[in-house]
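K.L.:
can you look at this prediction? I've put the sequence above it.
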Amino acid sequence: MSINFYSKFFPLIKKGVASVPFQLRPLSTRTDLFNVENKSEEYAIFRLNKPPVNSLNLEYLNLLNNQLDEFERNPKLKGIILTSDVKSTFSAGVDILEMYKCEPKRLEAVWRAVQDFWIKLYGSKKIYIAALNGHVLALGCAIAMSCDYRIMVDNDKTKIGITAVLLGINAPSWVKNTMINTIGFRETEKSLKFAKIYNPHQALKLGLIDEIVSSDKLLSRSEEVMKTWCKIPTLAREMTKESMRSETLGKLVNNREVDVQEFITSTMDPHLQDNLGKYLASLKKK
Ligand SMILES: CCCCC/C=C/C/C=C\CCC/C=C/C(=O)SCCNC(=O)CCNC(=O)[C@H](O)C(C)(C)COP(=O)(O)OP(=O)(O)OC[C@H]1O[C@@H](n2cnc3c(N)ncnc32)[C@H](O)[C@@H]1OP(=O)(O)O
């Protein structure tokens, strides 16, 4: 069995990048939109910071994809804690303005960047812990589910879930598969079919998240879990992750064009555009 999981799929994402030689990286990276803090040689904290809700547009997805590549190029780094500096939101998913009244070419680029992000994250051999400080919606929920472990703040007002169906969107098969792998088939069917949104305690009961902690303990608990897992023999942990995830990953890697076309066709549908316009207005009205 191949142990080089990421580089097995990576050339399919961005030809040639897998051969970029390893270089020494700075201790931390800060941009206006995210912050990476290397806590030790072994793990880093990756904080999204695009107020008001960490919505994912093309430029942001490209930036985040570059950062995931950066993590992969560091062989000493074992894990990443993914969280957000934005108050009360982890991520509200794709920037709806990218989907509403959009140009097909731009929409295609957005979707390819979304696919890249999921393939890099779900396919990474490294340990990803999602420290969920706030709302985790739509693609934000798919991102959290693609991590190895989810810890969420204890706040009943915080929401997690995917409500695509309310707007007439059938969630892509790789999102469904990720959810099935997290909470099982029956709960996924109910969750997606009925646009279920959960508070942290409901999500914990379902297995959508793994732990709940008070907000002041979110990072310390995430670091505690990370430190424990960094002690597990790396090769065996990586091989186990690969064997658990390769089938699901391969279903998108080998089917990207169909997934792109399905997304463009469904998003450009006039009925969906109408729904998106109303939905955007309802968000702005609040
Ligand atoms: C189109 C929805 C389809 C659902 C898609 C389902 C997905 C299936 C899974 C994955 C892949 C498929 C394709 C993926 C698509 C998406 O991810 S689309 C994004 C769907 N996201 C949402 O429906 C979340 C919408 N947002 C909210 O519910 C709330 O904003 C909140 C995150 C709970 C935060 O609430 P609050 O703190 O009260 O903040 P406001 O609602 O006032 O929002 C602040 C401003 O941010 C704007 N905004 C919110 N979300 C988005 C977004 N996703 N894209 C762009 N802009 C967003 C909001 O309009 C406010 O703007 P103003 O300040 O009023 O200008």
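P.N.:
In hand now; what should we look at?

K.L.:
so what touches whichever strand or helix holds residue 67?
P.N.:
Assessed by DSSP states H and E, residue 67 sits inside helix 58-72. Residues outside helix 58-72 that contact it (CB atoms under 8 Å, 6 or more residues apart in numbering): 6, 10, 14, 17, 25, 29, 31, 33-34, 36, 44, 46, 48, 50, 56, 77, 80, 95, 98, 106, 109-110, 113-114, 116-117, 120-121, 124, 126. C-beta here means a position set from N, CA and C on the backbone, and glycine is covered the same way.

K.L.:
check which strands are paired with the helix or strand harbouring residue 82 and give the direction for each one.
P.N.:
Applying DSSP H and E as the criterion places residue 82 in strand 79-84. According to DSSP bridges, strand 79-84 forms sheet pairs with strand 43-48 (parallel), strand 127-132 (parallel).

K.L.:
pick out the residue in the stretch 51-200 of the chain sitting closest to the ligand.
P.N.:
residue 93 (2.5 Å; CB to the nearest ligand atom).

K.L.:
spit out the contact partners of that residue.
P.N.:
Per CB under 8 Å, 6+ apart, neighbours of residue 93: 55, 56, 137, 138, 139, 140, 141, 142.

K.L.:
of these, which belong to helices?
P.N.:
139, 140, 141, 142 (DSSP state H).

K.L.:
could these go into TSV alongside neighbour count, pLDDT and distance to residue 161?
P.N.:
Formatted as TSV, those follow (neighbours: other CB atoms under 10 Å; pLDDT from 0 to 100; distance: CB to CB, whole Å):
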residue	neighbour count	pLDDT	distance to residue 161
139	24	98	12
140	28	98	10
141	31	98	6
142	27	98	11
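
K.L.:
restricting to those residues, which residues neighbour the ligand?
P.N.:
139, 142 (CB under 6 Å from any ligand atom).

K.L.:
of the ones in helices among the contacts of residue 93, which is the nearest to residue 263?
P.N.:
Using CB to CB, residue 139 comes nearest to residue 263 of the ones in helices among the contacts of residue 93, at 11.7 Å.

K.L.:
tell me the spacing between the closest one and residue 211.
P.N.:
22 Å (CB to CB, to the nearest Å).

K.L.:
who's in contact with the strand holding residue 82?
P.N.:
42-49, 54, 71, 90-91, 126-134, 143, 147, 218-219, 222-223, 226, 229-230.

K.L.:
tell me if it is near the ligand.
P.N.:
No: using CB under 6 Å from any ligand atom, strand 79-84 never reaches the ligand; the gap is at least 11.0 Å.

K.L.:
quick check: angle from that strand to helix 58-72?
P.N.:
Angle, strand 79-84 to helix 58-72, by axes from the mean of the first three to the mean of the last three CA atoms, to 10 degrees: 160 degrees.

K.L.:
same question for the helix holding residue 67: list its buried residues.
P.N.:
Of all the residues in helix 58-72, those buried under the rule 16 or more other CB atoms under 10 Å are 58, 60, 61, 63, 64, 65, 67, 68, 69, 70, 71, 72.

K.L.:
what's the local residue count around the residue nearest to the residue of the stretch 51-200 of the chain closest to the ligand when sequence neighbours are not counted?
P.N.:
Nearest residue to residue 93, sequence neighbours excluded (CB to CB, 6 or more residues apart in numbering): residue 138, at 3.0 Å. If you count neighbours by other CB atoms under 10 Å, residue 138 ends up with 23.

K.L.:
residue 138 contacts residue 92, correct?
P.N.:
Yes: contact status for residue 138 versus residue 92: in contact at 7.0 Å, counting by CB atoms under 8 Å.

K.L.:
who in the stretch 151-286 of the chain is up against the ligand?
P.N.:
159, 162-164, 167, 169, 171-172, 175, 276, 283-284, 286.

K.L.:
output those residues in JSON lines; the columns should cover secondary structure.
P.N.:
Shown next, in JSON lines, are these (DSSP: H, G, I helix; E, B strand; the rest coil):
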{"residue": "159", "secondary structure": "coil"}
{"residue": "162", "secondary structure": "coil"}
{"residue": "163", "secondary structure": "coil"}
{"residue": "164", "secondary structure": "helix"}
{"residue": "167", "secondary structure": "helix"}
{"residue": "169", "secondary structure": "coil"}
{"residue": "171", "secondary structure": "coil"}
{"residue": "172", "secondary structure": "coil"}
{"residue": "175", "secondary structure": "helix"}
{"residue": "276", "secondary structure": "helix"}
{"residue": "283", "secondary structure": "helix"}
{"residue": "284", "secondary structure": "helix"}
{"residue": "286", "secondary structure": "coil"}
